[in-house]
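Colleague: next come a sequence and a model predicted from it.
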Amino acid sequence: MSDHGSTSPRKTRWQAVLVYLSLLVAAVAIFGRTTGFDFVYYDDPDYVTRNAVVRDGLSARGLLWALTATEASNWHPLTWVSHMLDVELFGLDAGAHHGTSVALHVINAWLLFALLRRTTGALWPSAAVAALFAVHPAHVESVAWVAERKDVLSTLFFLAALLAYAAWARQRGWGRYLLVTALFALGLLAKPMVVTLPAVMLLFDYWPLGRAVATPAGRELRRLLVEKLPWFAMAGAASAMTLAAQHAGGSLAATDLVPLAHRLANAVVSYVRYLGMLFWPTSLSVLYPHPNLAGGTPWTPWQVGLAGGALAVLTALAFHAGTPRRFVPFGWLWYLITLGPVIGVVQVGQQALADRYTYVPFIGPFVVIAWGAAEVFSRGRWRSRGVRTAVAAAALSGLVVLSVVSWRQVGRWRDTIALFEHALAVSAPAPVALTNLGAALAEQGRLDEAIARHRQALEIDPDDLRALNNLGLALQLAGRLEEAIASYRRALALAPDRVTARHNLATALRDAGFVDEAIVQYRQVLLLEPDAIGTHRALAEALRRAGRHEEAADHEARGR
């Protein structure tokens with residue numbers, strides 16, 4: 001569908017400028033308030049506030065570390081560099097870090113509009129997709145959470161690579177091919193979820209580029225696959241790196257706890273739940289407990305069967321519509337494919353699904369909605385000026401409603417307490433949500449409330465290491481050292497190499513007067529992390545209390 005011919009080129013250009021400005025205004029109106037928000041106590045410490053390398057800003061040491069680090073169970077060097085650059089420019093000003101994510105989100109909305117408009121020639125459907133992308137409530141998490149910088153950053157390169165691919169498909173050349181390759185590589189270095197890009201390119205070959213022309217021997221499809229082999233190889237390498245990083249970081253532990261059959265069942269149900277989130281984005285949460293992990297409720301066979309049947313019917317309808325309306329299977333397959341890496345067949349973390357995983361996948365259904373509506377209202381009596389005006393007003397009203405819901409959802413991210421109190425209000429209680437809320441309450445000195453939240457988490461999962469450690473910290477701050485020591489010992493009985501719990505145990509022992517045992521525990525920490533500056537300093541203090549001043553001076557020097 002093209003707008004050309006019915007509208008002058010000059011008017012079309014001004015309409016496009018209006019779309020770009022509208023996307024900017026809408027995104028800033030919804031997300032701009034995050035520039036007044038703080039970091040949250042959920043991954044933000046790992047990515048920024050307590051990450052010693054990132055806190056140093058840009059440096060040769062930092063760049064080398066970024067290339068090899070598997071911190072936060074991910075390998076994404078470019079994302080680390082992005083956070084380092086923010087620290088270099090703005091220090092630890094949380095508002096500025098949020099501002100960078102908002103700016104990237106605006107650019108992504110612009111890129112999406114440009115991509116669809118250039119490949120289809122349809123201005124208003126392209127604008128509708130970009131608008132839905134810019135304001136949908138499910139995308140709040142990706143933009144308002146500093147630790148999810150990887151989402152907005154990787155998507156920028158994902159969309160830019162598709163734009164470059166469309167240009168290469170029109171006019172071949174090694175320079176353009178290398179540009180696509182470079183942009184894809186940058187996307188992989190920001191977040192490996194973009195491994196689906198070569199498959200999405202095949203979708204663009206089908207529609208709207210029209211390169212996938214059926215031949216009896218399938219020669220065209222083979223040619224399209226062969227030209228993408230280097231990109232599929234890059235995707236495979238990035239996937240291997242990601243699995244290695246997640247294994248090293250312990251994020252794949254849930255895969256061992258949840259049998260494959262249960263993971264597949266949750267994947268089927270999650271595909272349908274995401275569609276519910278698309279059309280009715282209420283009760284959004286930072287955490288949805290996995291049905292087969294602590295805090296979750298297992299799916300029944302009829303729920304899994306109903307979800308599987310719904311997916312089968314939708315897939316059949318999409319392909320049935322495909323001959324005259326290629327945008328339908330395009331959008332549906334986009335959704336299925338781009339969600340694939342995070343649908344939970346390989347279980348990473350404790351969530352059943354996550355708002356952030358919709359950032360790219362929802363583009364597919366948005367395309368189906370926008371082009372489907374455009375086709376309906378371009379026929380017969382639907383083409384009258386009155387009807388078109390009414391449709392435009394209804395569409396704008398829908399976008400306004402989504403914007404209001406998003407604006408409210410953004411407010412949940414103003415601080416850790418608001419974020420997790422809302423999560424506990426709208427979803428089943430999970431140890432992660434409870435203990436993160438408890439940690440935030442402890443930082444505000446609300447120790448009794450914090451202790452209660454940590455104990456509630458341990459009622460759900462008595463072996464939750466983070467809850468045991470955080471409970472120990474809260475008890476320690478409350479002066480209840482014997483209880484704190486017991487909590488740390490419980491954590492270490494489950495995971496003897498847990499450095500944080502052992503360091504905290506040593507400090508509690510020192511403060512309780514058991515200095516000799518504290519020294520032993522600090523030395524155990526240094527066996528695991530020889531360069532832990534804070535532990536050297538703490539050990540020096542314990543040695544001084546024991547009267548071992550020469551040893552204390554040595555560790556004090558190593559702690560500088």
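Modeller: Received it, and whenever you're ready, just let me know what you need.

Colleague: in space, what's closest to residue 35 - neighbours in sequence excluded?
Modeller: Spatially, and ignoring its direct neighbours in sequence, residue 35 is nearest to residue 95 (4.1 Å; C-beta to C-beta, 6 or more residues apart in numbering). Any C-beta I mention is one placed from the backbone N, CA and C, and that applies to glycine too.

Colleague: same thing with residue 469?
Modeller: In space, and not counting its chain neighbours, residue 469 is closest to residue 501: 4.7 Å by C-beta to C-beta, 6+ apart.

Colleague: and the strands in this protein?
Modeller: In the chain, no strands are defined using DSSP state E.

Colleague: lowest-confidence helix or strand of it?
Modeller: Lowest on mean pLDDT, DSSP states H and E among the helices and strands of the chain sits helix 253-257, with a mean of 67.

Colleague: contacting residues around the residue most central in space within the chain?
Modeller: Nearest to the mean C-alpha position of the chain, by C-alpha atoms, centre = their mean, lies residue 356 at 4.2 Å. Residue 356 makes contact with 141, 142, 145, 148, 151, according to C-beta atoms under 8 Å, 6 or more residues apart in numbering.

Colleague: for residue 391, same thing?
Modeller: Contact analysis of residue 391 by C-beta under 8 Å, 6+ apart lists 373, 377.

Colleague: any idea how far it is from residue 498?
Modeller: Distance, residue 391 to residue 498, by C-beta to C-beta, to the nearest Å: 59 Å.

Colleague: before we move on, what about residue 448?
Modeller: 26 Å.

Colleague: so between these two, which is more surrounded?
Modeller: Counted by other C-beta atoms under 10 Å, residue 448 and residue 498 do not tie: residue 498 has more neighbours, with 20 against 10.

Colleague: how about low-confidence regions in the stretch 201-350 of the chain?
Modeller: Low-confidence segments of the stretch 201-350 of the chain, defined by pLDDT under 70: 213-218, 248-255.

Colleague: now do the helices in it.
Modeller: 219-227, 229-248, 253-257, 260-279, 301-320, 327-339 (DSSP state H, counting those that start in this stretch).

Colleague: and the angle from the fourth one to helix 327-339?
Modeller: Compare the direction of helix 260-279 with that of helix 327-339 by axes from the mean of the first three to the mean of the last three C-alpha atoms, to 10 degrees and you get 130 degrees.

Colleague: in helix 260-279, what counts as buried?
Modeller: The neighbour-count check on helix 260-279 (16 or more other C-beta atoms under 10 Å) flags 262-263, 265-272, 274-275, 277-278 as buried.

Colleague: between it and helix 301-320, how big is the angle?
Modeller: Orientation note: helix 260-279 sits at an angle of 60 degrees relative to helix 301-320 (the same axes, to 10 degrees).

Colleague: show me what helix 260-279 is packed up against.
Modeller: helix 301-320, helix 327-339 (3 or more C-beta pairs under 8 Å, 6 or more residues apart in numbering; DSSP states H and E).

Colleague: redo that, cut-off 6 Å
Modeller: helix 301-320 (3 or more C-beta pairs under 6 Å, 6 or more residues apart in numbering; DSSP states H and E).

Colleague: helices or strands next to the helix it packs on in the packing?
Modeller: For helix 301-320, the elements it packs on are helix 260-279, helix 327-339, judged by 3+ C-beta pairs under 6 Å, 6+ apart.
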